[in-house]
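Peer 1: 3D model of this:
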Amino acid sequence: MLTIYDVIKRPLITEKAVDLKEKLNQVVFEVDPRANKIQIKEAVEKLFNVKVKDVRTMGVKGKVKRFGMVVGRRDDWKKAIVVLEEDQKLEFV
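Peer 2: Modelled structure (predicted):
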């Protein structure tokens, strides 16, 4: 069983994520790959005291990287785009 602290790993602060936040009131998180949409919604609502309208998730494949002659691969991870209600705001410092 995942706790709310296990579900949300970190917020993603990229140009695209900031643009989604400003224009569409959507916040992007890296989440545990085992977490489902209901768990993600509950975790965001409890951790940040906001109302969630919708959750969209996607699996992101890890990139292949070279370290000299050794070829390695980064881990796969899961991304969640959380749509907040119109009157809700979520600010990261």
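Peer 1: Pick out the residue closest to the middle of the chain.
Peer 2: Nearest to the centroid of the C-alpha atoms of the chain, with distances taken as CA atoms, centre = their mean, sits Phe29, at 1.7 Å.
Peer 1: that's a strand at it, yeah?
Peer 2: Yes - when classified by DSSP: H, G, I helix; E, B strand; the rest coil, Phe29 is found to be part of a strand.
Peer 1: and the residue located most distally from the centre of the chain, what pLDDT?
Peer 2: The centre of the chain is farthest from one residue, Met69, which by CA atoms, centre = their mean lies 33.3 Å away. On the pLDDT scale, Met69 is placed at 95.
Peer 1: Ok, Val93 next?
Peer 2: 62.
Peer 1: Then Trp77?
Peer 2: 98.
Peer 1: what residues are up against Asp75?
Peer 2: Counting by CB atoms under 8 Å, 6 or more residues apart in numbering, Asp75 makes contact with Gly62. Using the backbone N, CA and C atoms, a C-beta is placed for each residue, glycine as well.
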